[in-house]
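Chemist: need a structure here:
(chains A and B, ligands or ions: 1)
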Amino acid sequence: MAEITLYHWEPNANSGKPMLALMEKGVPFTSHYIDMLQFDQHKPEYLAINRQGTIPAMTHGDRVLVESTAIMEYLDEAFAGPALMPAGARDRWRIRWWMKFMDQWLAPSFSMFGWKFFVGPNAIAAHGKDALEAAIGRIPLPERQVAWRKAVYGLFGEEEMAESARRIDVGIRMLEAELGKREWLASDQYSLADINGFNLAYAMPLSQPHLANDDLTPNIMRWLRAIYRRPATRECWKLGRTPMAARVDILEQDYIGQGAGA
Amino acid sequence: MSGDMILYHGEPNGPSLAVLAVLAETGLDIECRWMDLAGGERHRLSGIGEPLARDMGVEGEGPVLVIDGEAMTESVFIAQFLDESGNGALQPQDAYGHWQMLMWCRRITERCAPAAAFLGCRAHAHAGLAAMEDAAFADLRGAIVSEDLASRWSAVRSGDFPEAQVADSKAKVAAAVGLVEEQLEDGRAWLMGPLTIADFETYCWLAGMVELVPDAFAGKARAAGWMARMRARPSVRGALARARRADPEHAWAPGPEINRWG
Ligand SMILES: N[C@@H](CCC(=O)N[C@@H](CS)C(=O)NCC(=O)O)C(=O)O
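Modeler: Okay, here's the model as predicted:
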């Protein structure tokens, strides 16, 4: 059978989605860690795999697949193992709807904060601004160049940060309400929507303790802990190498009040 | 299929056209009701107990399928739902072909659709909204739950169409037509080989662009042939026959936002 190689960074956001899906399906794969802060994703060896220079990417035999959510759907359809999409068409619709909402509306807002406060400062500390400018010049996708420039030179506008903060607030309320309807996000069975959502939300009790905690969002907390207890999740987060992935440890706590962990 | 279903659609253009045509292809018997998208009627539909997807959908003013009071949105996902409720003929069965179709649809919904909606609203929705009394517009806008969608309505009314975005949108439409032209290079009749949801999703956004971005189509003989084949399909003709105006390709209302990050 054809081999799978996954090119990923930390178990987090887009990289974490196919990582966790592979673990849940029990599909063996070669893990190829791409250190995003070292610009591994723009090196010729990686550009030969994905010329857009973004992660994650997956090879299955001689096929190259990109786009984290679409990769998860491929994995679920191509491999036996527990089904990560339910059989009912309406549940499948709801899962797709939530994944698109998270991928396109909510996650970019979280990402803006991550890039402003984590990626930018860490990259500057590691390389210095001058070396970074040269590295940014080599980025293939214009929109990724813009992202890096904003992060490195602190060019985020007040308005766009305020809009992202608003969306995070709205999105957390939506998740809390939705998780009050069913055990899992968007359907009665553990699915790709949960994997997607966990990668987006696992660190929320730490990074947004005023919005996500046991008092305000008990459904979100129950759901995050339930996913964190899964053996696949444990295995997956072991592949993390930075303090970013270690943020998941907060889910060990049984009770998290407002302002905890901050 | 079980449950009470009603498909609310706008004039057969953009996402409403895609879903109406796909419904006709599936042969499913679902009641269709016209709504005045440009008049904001979508936000005042009755009988919706679960309005979340209608209120917060990324697609903006598209069709809404209501089943047992739950609003379902996003034209690609409604199309998948219809296909999966019918005989599943409009999606590739193999995982890789399916991934390719999903990637194609994402490319269209993330890049082409926001551009087409922007240009379509600029040409055809601005004047009508600008002519509205302040109180009537405030009423319309007041019914919209999503703040960012509401602000796109305000931008269309006030004529806020920055030249840089006009140019960028035209380039994105041209890029989509270019993709179609390239995809058909091997002589295939439809985008994925067999006819799929990708054909409908792509055609619906491009149909109204022929007049607005003529350069994008110039010299693209294969794309023009494909457009003609799409237009000739009984499903598309049937959808167009539901139009209440002579020029449905001029019917636009605010669509998806242009990517704000990465
Ligand atoms: N929509 C894509 C996004 C891929 C993407 O842009 N990934 C980011 C990291 S989450 C990246 O590769 N950044 C590298 C860079 O900007 O240099 C997906 O979900 O896979």
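Chemist: who in the stretch 101-250 of chain B is up against chain A?
Modeler: Proximity of the stretch 101-250 of chain B to chain A (C-beta under 8 Å from any C-beta of the partner chain) is limited to residues B:Leu102, B:Met103, B:Arg106, B:Glu110, B:Glu147, B:Asp148. Every residue, glycine included, has its C-beta placed from N, CA and C.
Chemist: Tell me how many other residues crowd the fourth one.
Modeler: Using other C-beta atoms under 10 Å in any protein chain shown, B:Glu110 is surrounded by 17 other residues.
Chemist: Need phi/psi at it.
Modeler: Main-chain torsions, B:Glu110, degrees, to the nearest 10: phi -90, psi -30.
Chemist: Could you do the third one as well?
Modeler: B:Arg106 adopts backbone torsions of phi -60, psi -40, taken as degrees, to the nearest 10.
Chemist: does it really touch A:Glu73, like I thought?
Modeler: No: if you go by C-beta atoms under 8 Å, B:Arg106 and A:Glu73 don't touch, sitting 11.1 Å apart.
Chemist: who's more crowded, the two?
Modeler: More neighbours surround A:Glu73 than the other of B:Arg106 and A:Glu73, with 21 against 18 (other C-beta under 10 Å).
Chemist: Could you check which helix or strand contains the one residue in the stretch 101-250 of chain A that gets nearest to chain B?
Modeler: Proximity to chain B, evaluated over the stretch 101-250 of chain A using C-beta to the nearest C-beta, is greatest for A:Pro108 at 4.1 Å. Assigned by DSSP states H and E, A:Pro108 belongs to helix A:107-114.
Chemist: next one: B:Ile258
Modeler: Per DSSP H and E, there is no helix or strand for B:Ile258.
Chemist: List the residues that contact it.
Modeler: B:Pro114, B:Ala115, B:Phe118, B:Gln165, B:Asp168, B:Ser169 (C-beta atoms under 8 Å, 6 or more residues apart in numbering or on different chains).
Chemist: Please tell me how far the third one sits from A:Met174.
Modeler: In this structure, B:Phe118 lies at 26 Å from A:Met174, with C-beta to C-beta, to the nearest Å as the measure.
Chemist: repeat for A:Asn50
Modeler: On the measure of C-beta to C-beta, A:Asn50 and A:Met174 end up 32 Å apart.
Chemist: Now do the helices in the chain.
Modeler: The chain I'm using is chain A. Listed in chain order, the helices of chain A (DSSP state H) span A:13-25, A:44-47, A:68-78, A:89-101, A:107-114, A:120-127, A:129-137, A:142-153, A:158-179, A:192-201, A:204-207, A:218-228, A:231-237, A:243-246.
Chemist: um, chain B though
Modeler: B:14-26, B:52-56, B:75-85, B:95-107, B:113-120, B:126-130, B:134-142, B:147-158, B:163-183, B:197-206, B:209-212, B:214-217, B:221-232, B:234-240.
Chemist: Now do the first one against helix B:113-120, angle only.
Modeler: If I follow you right, that is helix B:14-26. If you take axes from the mean of the first three to the mean of the last three C-alpha atoms, to 10 degrees, helix B:14-26 sits at 120 degrees to helix B:113-120.
Chemist: And helix B:14-26, what does it pack against?
Modeler: Here helix B:14-26 touches strand B:5-9, helix B:75-85, helix B:113-120, helix B:197-206, helix B:234-240, going by 3 or more C-beta pairs under 8 Å, 6 or more residues apart in numbering or on different chains; DSSP states H and E.
Chemist: The first one pairs with which strands, and in what direction?
Modeler: Under the criterion DSSP bridges, strand B:5-9 sits next to strand B:31-34 (parallel), strand B:64-67 (antiparallel) in its sheet.
Chemist: per-residue confidence averaged over the first one?
Modeler: Meaning strand B:31-34. Mean per-residue pLDDT for strand B:31-34: 98.
Chemist: buried residues in that strand?
Modeler: Within strand B:31-34, the residues scored as buried using 16 or more other C-beta atoms under 10 Å in any protein chain shown are B:Cys32.
Chemist: mind saving the C-alpha coords of it as PDB?
Modeler: Taking C-alpha atoms only, strand B:31-34 is exported to PDB below (Å, rounded to 0.1, in the frame of the first residue of the first chain):
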ATOM      1  CA  GLU B  31     -40.700  22.800  -2.600                       C
ATOM      2  CA  CYS B  32     -38.900  25.900  -3.900                       C
ATOM      3  CA  ARG B  33     -39.900  29.400  -2.800                       C
ATOM      4  CA  TRP B  34     -38.600  32.600  -4.400                       C
END
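Chemist: residues making contact with that strand?
Modeler: Strand B:31-34 has contacts (C-beta under 8 Å, 6+ apart) with B:Met5, B:Ile6, B:Leu7, B:Tyr8, B:His9, B:Gly10, B:Glu11, B:Leu20, B:Leu23, B:Arg242, B:Arg244.
Chemist: Ok, stretch B:129-147 next?
Modeler: A:166, B:38-40, B:43-44, B:51, B:55-56, B:150, B:153-154, B:156-159.
Chemist: cool, and stretch A:21-28?
Modeler: Stretch A:21-28 has contacts (C-beta under 8 Å, 6+ apart) with A:4, A:6, A:29, A:71-72, A:75-76, A:79, A:81-82, A:84, A:190, A:192, A:195, A:230, A:232-233, A:235-236.
Chemist: Within range of chain B, give me the residues from the stretch 1-150 of chain A.
Modeler: So the stretch 1-150 of chain A meets chain B at A:63, A:65-67, A:70-71, A:73-74, A:77-78, A:89-90, A:92-94, A:96-97, A:100-101, A:104-105, A:108-109, A:111-112, A:143-144, A:147 (C-beta under 8 Å from any C-beta).
Chemist: so which of those residues also contact the ligand?
Modeler: A:Glu67, A:Arg144, A:Ala147 (C-beta under 6 Å from any ligand atom).
Chemist: from those residues, which single one is nearest the ligand?
Modeler: A:Arg144 (3.9 Å; C-beta to the nearest ligand atom).
Chemist: Tally up the residues packed near the closest one, please.
Modeler: As a measure of burial, A:Arg144 has 17 neighbours, counting by other C-beta under 10 Å.
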